[in-house]
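Student: Need a 3D model of the sequence below.
(one chain, ligands or ions: 1)
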Amino acid sequence: MPPISLATRTEPTYGEAMTQPLISQPQRLLIIDFGSQVTQLIARRLRELSVYCEIHPYQSVTDAFLKDFAPKAVILSGGPDSVTREGSPRAPEGLWTAGIPVLGICYGQQTMMQQLGGLVESGHGTAEFGRAFVTRKGPDLEILDGWFQAGDEQVWMSHGDHVSKIAPGFEVYGTSPNAPFAITADPARRFYAVQFHPEVHHTPKGAKLYENFVRLAGFTGDWTMAGYREEAIAKIRAQVGDKQVICGLSGGVDSSVAAILIHEAIGDQLTCVFVDHGLLRKNEAAEVVKMFRDNYKIKLIAADESDLFLNALEGISDPEVKRKTIGRLFIEVFQKYANQIEGAEFLAQGTLYPDVIESVSFSGGPSVTIKSHHNVGGLPEKMGLKLVEPLRELFKDEVRALGRELGLPASFIGRHPFPGPGLAIRCPGEITREKLAILREADAVYIDQIRKHGLYDEIWQAFAAILPMKTVGVMGDGRTYDYAVSIRAVTSVDGMTADTYPFTHDFLGETMTRIINEVKGVNRVFYDLTSKPPGTIELE
Ligand code: XMP
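Tutor: Have a look, this model is predicted:
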């Protein structure tokens with residue numbers, strides 16, 4: 001489940017201790033980061049190929065660094081700057097004589113051309129943003145294996161500047177209407193330069209290009225989640241030193257994996273805080289506390305703050321006010337417990353990569369706020385805690401793989417996401433203790449049904465919600481006037497879009513009967529048929 005994030009987004013931080021390779025993986029690739037929004041996606045593509053890579057900011061990649069790091073290949077990322085600006089970022093000069101393959105992307109391509117004797121110009125109406133088509137030119141090129149089999153290739157462009165003269169030794173292998181040097185290369189030196197972004201999904205053959213590049217660089221694909229674990233532990237130790245870390249545990253997969261990983265790195269320097277905000281599911285608080293105390297011997301403060309939250313939520317119906325109230329109180333509660341932990345300097349979070357990219361659009365502008373998502377409130381500067389986010393480069397499926405690697409039970413890893421604001425956003429309208437009690441029971445019956453029918457793992461997320469209305473019914477010989485609940489189940493890859501799960505009519509009928517029979521206070525059940533879009537997964 002997504003973590004309850006307490007902080008606003010921050011750019012990745014690169015501590016001083018991280019200017020060296022973190023582990024002794026012999027086959028490693030270096031990504032020099034010039035600040036593109038999608039640099040992390042390059043790492044994602046490479047990891048899919050089981051290639052070990054590290055992203056380092058251009059500022060720290062000196063010639064000496066390059067020599068120590070000894071990469072088998074280097075990728076130069078895109079970036080927002082203009083190589084025509086004096087003082088703009090450059091790759092270290094030693095890169096060009098290191099004898100290793102280099103792939104330059106967008107800004108990386110431009111600095112490569114400039115540094116090797118070509119020319120880059122700004123403007124002149126040649127900026128290109130979005131989809132473009134590249135036409136093949138020139139002789140065979142290994143990095144383009146599998147490309148251009150059916151004519152022009154779709155790619156994703158995002159550049160203001162363009163190369164106007166290629167560097168000596170380079171040839172053109174692909175052109176687009178606004179980028180005559182869309183693909184250039186000097187195969188003898190194994191230097192490749194593309195104007196587009198092969199790491200984004202909008203460049204459908206992008207993954208193949210990376211595969212070709214790492215193959216020609218001699219990578220054998222020996223990188224595993226066990227390796228990531230080792231790397232993450234080294235990073236956590238380097239970042240935290242002998243300081244104390246406090247971790248907000250939500251009971252979901254992400255914050256749990258983060259906590260267990262951090263615990264493995266620094267042991268008792270970690271204290272977890274699990275806040276029961278009164279908006280958890282049936283038995284959830286007890287189960288989470290038991291798992292962490294019994295199985296992992298992690299220092300854990302279990303704080304029952306349900307009265308604080310539920311009192312504050314009294315009378316509030318507006319979804320954003322609910323979310324913000326919960327977020328604000330979380331910060332306050334956290335501050336209270338963080339203050340009790342002597343020397344706490346870091347706050348750990350299970351922030352995932354999608355949480356990071358969701359907050360900023362590809363073009364660099366802030367995305368429209370649909371909901372005050374994930375960052376329920378924002379961590380006030382005054383709290384003065386630095387963030388430890390060991391999962392911020394991972395995607396959901398990778399966190400699950402890491403969880404398996406760390407020995408978390410399969411049933412726990414496969415749990416459906418549960419949002420930070422909890423049942424509050426499954427109780428549209430005013431939240432009352434009575435409604436929450438009914439909702440907990442209805443949800444438990446519904447999930448039990450799904451499990452009994454062996455459907456749990458086919459569904460991304462399933463839950464009941466209690467609707468802000470009562471309806472009339474007849475049970476036995478009497479009239480009832482009770483709450484209606486809705487049940488929802490969706491399939492999804494990443495929670496960004498979702499389809500309704502196609503239950504059979506029999507299943508739905510049986511579930512309706514069970515909920516009404518087993519849960520006092522409910523006399524009507526709706527099945528929510530809405531996909532996302534137009535709906536969101538949660539009701540609020
Ligand atoms: P929506 O409702 O926006 O949700 O379609 C997409 C996914 O995100 C989860 N979600 C949240 N997770 N804090 C979280 O940690 C939140 O505030 C939050 N709101 C929604 C939701 O359960 C679904 O998996």
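Student: For the rest of this, base every contact and every neighbour count on C-alpha atoms.
Tutor: Fine.
Student: Tell me which stretches of the stretch 351-500 of the chain form strands.
Tutor: With DSSP state E, counting those that start in this stretch, the ranges of strands along the stretch 351-500 of the chain come out as 386-388, 461-475, 478-491, 499-500.
Student: The last one - contacts with which helices or strands?
Tutor: Secondary-structure packing of strand 499-500 (3 or more Cα pairs under 8 Å, 6 or more residues apart in numbering; DSSP states H and E): strand 478-491.
Student: Likewise for the first one?
Tutor: The elements that strand 386-388 packs onto, with contact taken as 3+ Cα pairs under 8 Å, 6+ apart, are strand 344-348.
Student: What are the contacting residues of the strand it packs on?
Tutor: Contact with strand 344-348 is made by 240, 243-248, 258-259, 338, 384-389, as judged by Cα atoms under 8 Å, 6 or more residues apart in numbering.
Student: From those, pick the one nearest P71.
Tutor: E389 (25.3 Å; Cα to Cα).
Student: Is that closest one in contact with L261, as I believe?
Tutor: No - at 10.7 Å, E389 does not count as touching L261 under the criterion of Cα atoms under 8 Å.
Student: I'd like the strands of the stretch 351-500 of the chain laid out as TSV, including mean pLDDT.
Tutor: Shown next, in TSV, are those (pLDDT from 0 to 100):
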stretch	mean pLDDT
strand 386-388	90
strand 461-475	97
strand 478-491	97
strand 499-500	94
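Student: could I get the ones you listed as a markdown table with mean neighbour count?
Tutor: Below are the strands of the stretch 351-500 of the chain laid out as a markdown table (neighbours: other Cα atoms under 10 Å):
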| stretch | mean neighbour count |
| --- | --- |
| strand 386-388 | 20 |
| strand 461-475 | 18 |
| strand 478-491 | 19 |
| strand 499-500 | 20 |
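Student: Out of those, the one nearest the ligand is which?
Tutor: Closest to the ligand of the strands of the stretch 351-500 of the chain is strand 461-475 (Cα to the nearest ligand atom; 6.8 Å).
Student: Please see if that closest one touches the ligand.
Tutor: No - using Cα under 6 Å from any ligand atom, strand 461-475 never reaches the ligand; the gap is at least 6.8 Å.
Student: Can you tell me which helices and strands that strand packs against?
Tutor: Looks like strand 461-475 contacts helix 433-452, strand 478-491, strand 522-527 (3+ Cα pairs under 8 Å, 6+ apart).
Student: Could you dump these into TSV and include distance to R229?
Tutor: What follows is the helices and strands packed on strand 461-475, written out as TSV (distance: least, Cα to Cα, whole Å):
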stretch	distance to R229
helix 433-452	31
strand 478-491	29
strand 522-527	41
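Student: where does the stretch 1-150 of the chain dip in pLDDT?
Tutor: Within the stretch 1-150 of the chain, the ranges that satisfy pLDDT under 70 run 1-25, 124-126.
Student: quick one, strands of it?
Tutor: 28-33, 52-57, 73-76, 102-105, 119-121, 128-136.
Student: Could you dump these into CSV with distance to the ligand added?
Tutor: Converted to CSV, the strands of the stretch 1-150 of the chain look like this (distance: least, Cα to the nearest ligand atom, whole Å):
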stretch, distance to the ligand
strand 28-33, 28
strand 52-57, 26
strand 73-76, 33
strand 102-105, 32
strand 119-121, 42
strand 128-136, 25
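Student: Need those in JSON lines (columns: mean neighbour count and distance to V289).
Tutor: Listed next are the strands of the stretch 1-150 of the chain as JSON lines, based on neighbours: other Cα atoms under 10 Å; distance: least, Cα to Cα, whole Å:
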{"stretch": "strand 28-33", "mean neighbour count": "24", "distance to V289": "40"}
{"stretch": "strand 52-57", "mean neighbour count": "20", "distance to V289": "35"}
{"stretch": "strand 73-76", "mean neighbour count": "26", "distance to V289": "44"}
{"stretch": "strand 102-105", "mean neighbour count": "26", "distance to V289": "47"}
{"stretch": "strand 119-121", "mean neighbour count": "19", "distance to V289": "59"}
{"stretch": "strand 128-136", "mean neighbour count": "18", "distance to V289": "48"}
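Student: Just put the ones you listed in JSON lines and tack on distance to E342.
Tutor: Conversion of these to JSON lines gives the following (distance: least, Cα to Cα, whole Å):
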{"stretch": "strand 28-33", "distance to E342": "36"}
{"stretch": "strand 52-57", "distance to E342": "33"}
{"stretch": "strand 73-76", "distance to E342": "42"}
{"stretch": "strand 102-105", "distance to E342": "46"}
{"stretch": "strand 119-121", "distance to E342": "54"}
{"stretch": "strand 128-136", "distance to E342": "50"}
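Student: ok, and the closest non-adjacent residue to L249?
Tutor: Excluding the flanking residues, the one nearest L249 by Cα to Cα, 6 or more residues apart in numbering is F274, at 4.9 Å.
Student: Please put the alpha-carbon coordinates of the helix or strand containing the one you found into CSV.
Tutor: Assigned by DSSP states H and E, F274 belongs to strand 270-276. Written as CSV, here are the backbone C-alpha positions of strand 270-276 (Å, rounded to 0.1, in the frame of the first residue of the first chain):
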residue,chain,number,x,y,z
LEU,A,270,15.4,2.9,14.1
THR,A,271,12.2,3.5,16.0
CYS,A,272,8.9,2.9,14.3
VAL,A,273,5.8,4.8,15.1
PHE,A,274,2.5,3.3,14.2
VAL,A,275,-0.4,5.7,14.7
ASP,A,276,-3.8,4.4,15.0
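Student: That's all I had, so thanks and see you.
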